[in-house]
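Peer 1: Give me coordinates for this.
(2 chains)
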Amino acid sequence: MSNEHSMRRVTAIRNGTVIDHIPSGQAMRVLEMLGIGGETSVPISLVMNVPSKKMGAKDIIKVEDRELTQAELDRLALVAPDAHVAIIRAYSVAEKLTINLGEEVVNVVRCTFSNCITTNLREPQAHRLRVVERDPLQLRCHYCGRPQDLGELSNNVL
Amino acid sequence: MEGSIVAGLITMDDLTNEQILEILSDAERLLPVARGELYLPLLKGRILGNLFFEPSTRTRMSFETAMKRLGGDVVNLGDVKTSSVVKGETLFDTIQMVDGYTDIIAIRHPRQGAAQYAQDAARVPILNGGDGAGHHPTQTMLDLFTIQQAHGRLDGLKVVLAGDLRYGRTVHSLSHALVRFGCDLVFASPDLLRMPEEIVSDLRAHGANVLETEDLYGSMAEADVVYMTRIQKERFADEDEYARCAGAYKLHARHLEDVKQDMIVMHPLPRVDEIDPTVDKTRHARYFEQAFNGVVARMALLCRLLAVTVPADVHAEGGAL
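Peer 2: As a prediction, this is how the structure comes out:
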């Protein structure tokens, strides 16, 4: 099945963001990391487990009337570092955004360790976690050194 | 010899093996100064800021002694209850202030990662004097010094670390350092107080030979060092858990009958009842020398972090008191 076909499982959107090539089964987590859904009023379309030549299977999300910010892309990088993000304006791709999971994730998530110095939210320095493994993702707090995975971190998105 | 620059000491990863050995060699030469036999004011005019946010006797006093023996001065945070911390000052702000007052800072803090946080906020070098259950690298340096004094080397030794390995920051830092020198480690602890899994896997990833056991006495026969630690009541949230672990090990002189002649018993102190006083009189007891070595090891570290060279011949440079 072609990519085109997969994309058209849901209606094309006029304005908004399409996040394609999300690892299969991770779409809900992407929404969670982005803080989209629940009380959000914009329409969201979600396609899960569609065949993909490159990935075998993938998820796709379309968010109407909303363009992702750089901060949101940084969060997305934790769940779907290889996702493709397109900003749609008037039914056309206006912009393609690149996701980049670097060596360190700064001010994206907060360390989950309850005794880390950064749990005092009045402390002004950046929340910094080093990427130690990419697949599966594992991070380590720059300050306390505690290793943590995505499951733990998804409740600590800044 | 001028050593390479060390910007701060937060974990043992901040020092190469070569730097560790150089600093231990500096410490060896500084022994007469630490003992008060020689006056060598290498740090005259320098000020150490002692920021102890949780109780400390040996670490705080030995930092202070080390600085003063080298002609430097010390300012203390004092009691946290009466400092600006109680008014809600952040660690960042406290560091900004002390950074302006001093040339180097020693910090102990109940929160893990506080020393790294301070290092990122400061202009002056930071010495980690213990952060939560994290690291305690200056203790590790004095432990390594003590081991080297006893055995003449650090490499290839068999070291048993016993007691509270879960919360004991001294054993976390020491294990990392010993593995870098090719030592074999035995972790003897009650099941509840086992060495954190991430540390064991880190050590094994570095090629370490690590054995975990609850049987302390059975693991001492081949040991070169037995490093005892206190079960730290203050680290337990649950009284029942503490009661189940307290008194797990009570090393008595009779347990030392079949150990190697040159095996040493160490302890970061304070002890409760994990080492019986009968051990004090044996040839194996080394914990009081170890506590003294805190001064000389910290003298060498203060010099290194302040980029002050320890002379090859301290007697030629030093004077009478």
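
Peer 1: going forward, measure contacts and count neighbours with C-alpha atoms only.
Peer 2: OK.

Peer 1: State the distance from the residue of the stretch 201-321 of chain B at minimum distance from chain A to B:Ser175.
Peer 2: Nearest residue of the stretch 201-321 of chain B to chain A: B:Asp202, at 11.0 Å (C-alpha to the nearest C-alpha). Distance, B:Asp202 to B:Ser175, using C-alpha to C-alpha, to the nearest Å: 10 Å.

Peer 1: Neighbour count: these two, which is higher?
Peer 2: Using other C-alpha atoms under 10 Å in any protein chain shown, the more surrounded residue of B:Asp202 and B:Ser175 is B:Ser175, with 26 against 12.

Peer 1: hmm, the helix or strand where that one lies touching chain A?
Peer 2: Assigned by DSSP states H and E, B:Ser175 belongs to helix B:169-180. No - Helix B:169-180 stays clear of chain A (C-alpha under 8 Å from any C-alpha of the partner chain), getting no nearer than 12.1 Å.

Peer 1: hey, C-alpha coordinates of the helix or strand just after that helix in PDB?
Peer 2: For helix B:169-180, the following helix or strand on the C-terminal side (DSSP H and E) is strand B:184-188. The C-alpha trace of strand B:184-188 is given here as PDB (Å, rounded to 0.1, in the frame of the first residue of the first chain):
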ATOM      1  CA  ASP B 184      37.700  -7.300  41.700                       C
ATOM      2  CA  LEU B 185      34.700  -6.300  43.800                       C
ATOM      3  CA  VAL B 186      32.500  -8.200  46.200                       C
ATOM      4  CA  PHE B 187      29.300  -6.500  47.300                       C
ATOM      5  CA  ALA B 188      28.100  -7.900  50.600                       C
END
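
Peer 1: So for stretch B:241-255, what gets flagged as buried?
Peer 2: B:Tyr242, B:Cys245, B:Ala246, B:Ala248, B:Tyr249, B:Lys250, B:Leu251, B:His252, B:Ala253 (16 or more other C-alpha atoms under 10 Å in any protein chain shown).

Peer 1: Check stretch B:225-235 too.
Peer 2: By 16+ other C-alpha under 10 Å, the buried positions in stretch B:225-235 come out as B:Val225, B:Val226, B:Tyr227, B:Met228, B:Thr229, B:Arg230, B:Ile231, B:Gln232.

Peer 1: again, but for stretch A:22-34
Peer 2: Result for stretch A:22-34 [16+ other C-alpha under 10 Å]: buried residues A:Ile22, A:Pro23, A:Ser24, A:Gly25, A:Gln26, A:Ala27, A:Arg29, A:Val30, A:Leu31, A:Glu32, A:Met33, A:Leu34.

Peer 1: Would you mind giving the secondary structure of the residue of the stretch 201-321 of chain B closest to chain A?
Peer 2: helix (DSSP: H, G, I helix; E, B strand; the rest coil).

Peer 1: how does chain A divide up, domain by domain?
Peer 2: A:3-97, A:104-156 (automatic domain parsing).

Peer 1: The closest residue to chain A within chain B: what's it in contact with?
Peer 2: The nearest approach of chain B to chain A comes at B:Gly113, 3.7 Å away (C-alpha to the nearest C-alpha). Contact analysis of B:Gly113 by C-alpha atoms under 8 Å, 6 or more residues apart in numbering or on different chains lists A:Cys116, A:Ile117, A:His142, A:Tyr143, A:Cys144, A:Gly145, B:Asp131, B:Gly132, B:Gly134.

Peer 1: Now do the last one: how many residues are near it, please.
Peer 2: Same thing as B:Gly134. Count around B:Gly134 with other C-alpha under 10 Å applied: 28.
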